[in-house]
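Undergrad: how does the following fold in three dimensions:
(one chain, ligands or ions: 1)
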Amino acid sequence: PFDYHRHGHHDHHDGRRVNPSAKQLIGTALRERVENIDHEFCEAGDEDTFFVADLGEVYRQHMRWKRNLPRVQPFYAVKCNSDPKLLELLSILGTGFDCASKNEIEQVLKMGVDPSRIIYAQPCKTNSYVRYVANQGVRQMTFDNADELRKIARLFPDAELYLRILTDDSSSLCRLSLKFGASLGETDSLLALARELGLNVVGVSFHVGSGASDPEAFLKAVQDAHVVFQQASTYGFSLKTLDVGGGFCSDNTFEQMASVLRAALDEYFPAHTGINLIAEPGRYYASNAFTLACNVIARRTIPDMSADSYMMYVNDGLYGNFSSIMFDHQHPVAKVLRTAGRTLYDTPAAEAYDGAGSIEYSIWGPTCDGIDRITESIHFPMVLDVGDWFYFEDMGAYTMCSATTFNGFSNNHDVIYVCSEPGAKALLGL
Ligand code: PLP
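TA: Next up, the predicted model:
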């Protein structure tokens with residue numbers, strides 16, 4: 001079996017991928033694809049943007065999770081990236097799944113995942129979806145308000161309910177508590193109503209905000225959840241599960257986040273209580289596993305007395321896989337994949353930018369909207385032109401899932417799968 005400590009230790013040391021065998025595999029996949037394109041005569045779409053996904057990265061993240069949060073069972077948040085191979089690997093690894101809609105639930109059930117491994121973690125649900133999950137035997141779901149409780153009482157009175165509480169998400173990238181979560185002032189009356197309606201409250205859930213940066217938010221949320229466990233028992237509910245949500249980043253902040261959470265759980269929900277612990281990580285699993293390559297389709301030279309600069313138009317943008325810039329507050333960094341007929345992936349030339357006297361570029365998406373700009377300013381040491389390729393690492397989270405077809409561009413791009421982890425390859429039968 002794969003020994004994480006020995007091989008993977010430096011993987012996320014500075015938040016960047018440094019696993020040499022992973023780099024090599026991804027580089028080979030990128031190179032083979034772009035070198036096989038005849039840019040002069042190819043069919044429309046042959047030079048489209050594409051992903052390389054390293055499933056080994058997903059596997060390493062899972063091992064890292066188990067090492068840092070051994071008591072917490074992850075339910076992967078499908079909304080983050082519903083790539084079928086990613087879901088398949090996670091289902092083999094034994095995670096559960098957090099789904100937000102009928103389509104997500106259907107996709108997971110079709111893989112043969114048992115309904116007990118799914119939580120419908122959307123506090124404000126569509127009536128027909130509630131009837132759908134009742135039929136499918138997906139019982140676990142969240143709620144955070146009285147109207148939703150009455151809806152569930154009518155449509156699925158046997159559901160296993162998690163009361164989602166409010167958190168302090170002020171230091172997270174994407175705040176959720178503006179929209180969801182019951183305050184500690186409301187939980188008491190919600191529990192009373194659930195009791196009155198004869199509903200089955202089985203746990204508490206929270207989410208500290210996606211892309212969380214303050215570990216103390218987890219501590220406070222666990223403390224609040226503990227209060228609600230006590231409240232629930234006064235209404236005769238014997239809660240059995242705490243769901244600590246998502247918010248975990250894949251970079252080196254994870255270890256600190258996990259250690260604060262682990263300590264809080266050990267203090268407020270110690271193992272001897274028999275309380276189950278689950279989580280809903282999305283970004284943590286998907287972010288680093290996907291590299292995106294896109295093609296320069298047009299160039300505009302901005303003449304300057306001292307040095308020309310260039311506006312580069314590529315075939316993917318904010319309405320496509322760079323939707324993460326809008327919705328997820330990301331700043332993807334371009335590197336040169338191929339220029340002047342030479343592939344530079346993972347060479348010093350590809351890493352070199354921002355050097356003095358080097359050439360300035362801005363990078364734009366393919367639509368006719370001015371907002372569609374990927375990078376305002378970046379420097380490379382060489383003159384780039386139409387037909388060259390860029391690549392962007394860490395493009396797995398909240399990218400293709402929120403891409404549109406605005407201006408008629410495809411939002412369904414090829415994914416080339418590689419696997420830098422023998423353990424994961426064996427599991428997938430590769
Ligand atoms: N669970 C719920 C209810 C969410 O809304 C989200 C993200 O919006 C997630 C889990 C996944 O969060 P993350 O990707 O930060 O782990």
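
Undergrad: quick one, what contacts Glu88?
TA: Neighbouring residues of Glu88 by Cβ atoms under 8 Å, 6 or more residues apart in numbering: 111, 428. The way it works is simple: take the backbone N, C-alpha and C, and place the C-beta from them, glycine included.

Undergrad: what helix or strand is it located in?
TA: Under the criterion of DSSP states H and E, Glu88 resides in helix 84-93.

Undergrad: average pLDDT across that helix?
TA: If you average the pLDDT over helix 84-93, you get 98.

Undergrad: now that helix: how far from the chain's centre is it?
TA: Put simply, helix 84-93 sits 14 Å off its chain's centre (Cα atoms, centre = their mean, to the nearest Å).

Undergrad: cool, stretch 324-344 as well?
TA: On Cα atoms, centre = their mean, the centre of stretch 324-344 falls 18 Å from the chain's centre.

Undergrad: just to revisit the earlier point, any part of the helix holding Glu88 near the ligand?
TA: No. Using Cβ under 6 Å from any ligand atom, helix 84-93 never reaches the ligand; the gap is at least 13.2 Å.

Undergrad: tell me which helix or strand comes right after that helix.
TA: Proceeding N to C from helix 84-93, the next assigned helix or strand is strand 96-99, under DSSP H and E.

Undergrad: what helices and strands are in contact with that following strand?
TA: strand 72-77, helix 84-93, helix 102-110, strand 118-120 (3 or more Cβ pairs under 8 Å, 6 or more residues apart in numbering; DSSP states H and E).

Undergrad: what's the closest of these to Glu32?
TA: Among these, the nearest to Glu32 by Cβ to Cβ is helix 84-93 (18.5 Å).

Undergrad: could you give the angle of that closest one to strand 72-77?
TA: Per axes from the mean of the first three to the mean of the last three Cα atoms, to 10 degrees, the angle that helix 84-93 makes with strand 72-77 is 160 degrees.

Undergrad: in PDB, list the C-alpha atoms belonging to helix 84-93.
TA: Only the C-alpha atoms of helix 84-93 are listed here, as PDB (Å, rounded to 0.1, in the frame of the first residue of the first chain):
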ATOM      1  CA  PRO A  84     -17.500  11.000 -13.400                       C
ATOM      2  CA  LYS A  85     -14.000   9.500 -12.800                       C
ATOM      3  CA  LEU A  86     -13.400  11.700  -9.800                       C
ATOM      4  CA  LEU A  87     -16.700  10.500  -8.400                       C
ATOM      5  CA  GLU A  88     -15.900   6.900  -9.300                       C
ATOM      6  CA  LEU A  89     -12.600   7.000  -7.500                       C
ATOM      7  CA  LEU A  90     -14.200   8.600  -4.400                       C
ATOM      8  CA  SER A  91     -16.900   6.100  -4.300                       C
ATOM      9  CA  ILE A  92     -14.300   3.300  -4.400                       C
ATOM     10  CA  LEU A  93     -12.400   5.000  -1.700                       C
END
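
Undergrad: check which residues of the helix holding Glu88 are buried.
TA: Using 16 or more other Cβ atoms under 10 Å as the test for burial, helix 84-93 gives 85-91, 93.

Undergrad: stretch 26-40 now?
TA: In stretch 26-40, counting by 16+ other Cβ under 10 Å, buried: 26-27, 29-31, 33-34, 37.

Undergrad: and the longest strand seen in the chain, what's its mean pLDDT?
TA: In the chain, taking DSSP state E as the definition, the longest strand is strand 290-302. On average, the pLDDT along strand 290-302 is 98.

Undergrad: that one pairs with which strands, and in what direction?
TA: In the sheet, strand 290-302 lines up against strand 50-54 (antiparallel), strand 309-314 (antiparallel), strand 389-392 (antiparallel) (DSSP bridges).

Undergrad: tell me which of the ones you listed is the most buried.
TA: Highest mean neighbour count of the strands paired with strand 290-302: strand 389-392, a mean of 27 (counted as mean count of other Cβ atoms under 10 Å).

Undergrad: can you give the contact residues for that strand?
TA: The contact list for strand 389-392 (Cβ under 8 Å, 6+ apart) reads 30, 34, 291-296, 312, 314, 332-339, 345, 363.
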